[in-house]
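Here is my input, please return the structure:
(one chain, ligands or ions: 1)
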Amino acid sequence: MRHPSYREAFPRGIGQKAGRSPPGRCILLFMRAIKAIYPGTFDPLTNGHLDLIARGAKIVDHLVVAILRNSEKGTPLFTVPERVEMISEATRGFGNVSVATFDGLLVEFARSQGVNAVLRGIRAISDYEYEFQMAMMNRKLDPELETLFMMPAEKYTYVSSRLIKGVFQLGGDVSGLVPPLVMERLKAKVPGHP
Ligand code: PNS
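Residues are numbered from 1 along each chain as shown. Below you'll find the predicted structure:
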């Protein structure tokens with residue numbers, strides 16, 4: 001079912017009187033389920049990602065964590081099936097979170113999933129420019145798809161998958177920054193780590 005656009009729903013603006021709207025229309029509008037997609041490479045999932053998933057899952061009806069299969073970020077540490085497994089396990093406790101993978105344009109995948117919003121995290125001002133460009137490009141490609149930005153807990157604002165991999169591969173301790181199950185996978189992946 002196609003949802004009405006903002007203009008179709010509120011032809012005279014949000015403050016309008018109900019007028020001659022078909023009975024029940026407003027109720028239908030406000031009962032609309034929000035399904036959002038949280039896309040990324042998640043190589044690997046960090047506690048920052050998990051924090052954002054928890055925040056997102058609280059405000060939307062269903063959240064799809066979507067792993068980009070062909071990322072341009074070079075050779076990944078974890079395969080896509082490994083990442084699916086880790087995220088599925090880490091999010092098992094949420095009743096409204098699912099995991100998927102996608103290729104190609106995010107907006108196309110979002111459309112195929114019946115998603116109405118994209119969730120992205122902003123850790124610091126440095127994230128903003130890239131996120132803004134991406135949100136605007138996605139809006140150009142699909143004006144009906146909104147981007148929601150949320151901020152992770154302060155203690156995770158410096159955490160990124162890239163840093164986690166780099167530090168761990170050099171023998172550094174990243175415990176507390178990734179879920180325990182990711183820690184185990186990292187140890188298995190990088191032999192000789194203490
Ligand atoms: O984990 P990342 O690298 O921050 O995630 C980036 C991601 C996967 C959200 C982004 O690269 C993406 O959506 N790629 C799919 C291709 C696409 O739709 N590009 C146009 C958006 S600008």
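
which residue is nearest the middle of this structure?
Compute the mean C-alpha point of the chain, and by Cα atoms, centre = their mean the closest residue is Tyr38, 1.5 Å away.

Apart from its neighbours in sequence, what residue is nearest it?
Leaving aside its chain neighbours, Tyr38 sits nearest to Leu119 (4.4 Å; criterion: Cβ to Cβ, 6 or more residues apart in numbering). Heads up, the C-betas are built off the backbone N, CA and C, glycines and all.

surely Glu146 meets Leu119?
No: using Cβ atoms under 8 Å, Glu146 is not in contact with Leu119, being 9.9 Å away.

before we move on, back to that, so which strand or helix has the residue nearest to Tyr38?
Taking DSSP states H and E as the criterion, Leu119 maps to strand 117-121.

Identify all contacting residues around that strand.
The contact list for strand 117-121, computed with Cβ atoms under 8 Å, 6 or more residues apart in numbering, reads 34-39, 48-49, 52, 56, 60, 63, 106, 110, 127, 131, 134-135, 138, 145-152.

Alpha carbons of the helix or strand harbouring the residue nearest to the centre of the chain, as CSV, please.
For Tyr38, the host element (DSSP H and E) is strand 35-40. Taking C-alpha atoms only, strand 35-40 is exported to CSV below (Å, rounded to 0.1, in the frame of the first residue of the first chain):
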residue,chain,number,x,y,z
LYS,A,35,9.9,1.0,9.3
ALA,A,36,13.5,2.3,9.2
ILE,A,37,16.7,1.0,7.7
TYR,A,38,20.1,1.3,9.4
PRO,A,39,22.6,0.8,6.6
GLY,A,40,26.3,0.4,6.9
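
name the helices or strands packed onto that strand?
Judged by 3 or more Cβ pairs under 8 Å, 6 or more residues apart in numbering; DSSP states H and E, the packing partners of strand 35-40 are helix 47-59, strand 62-68, helix 106-112, strand 117-121.
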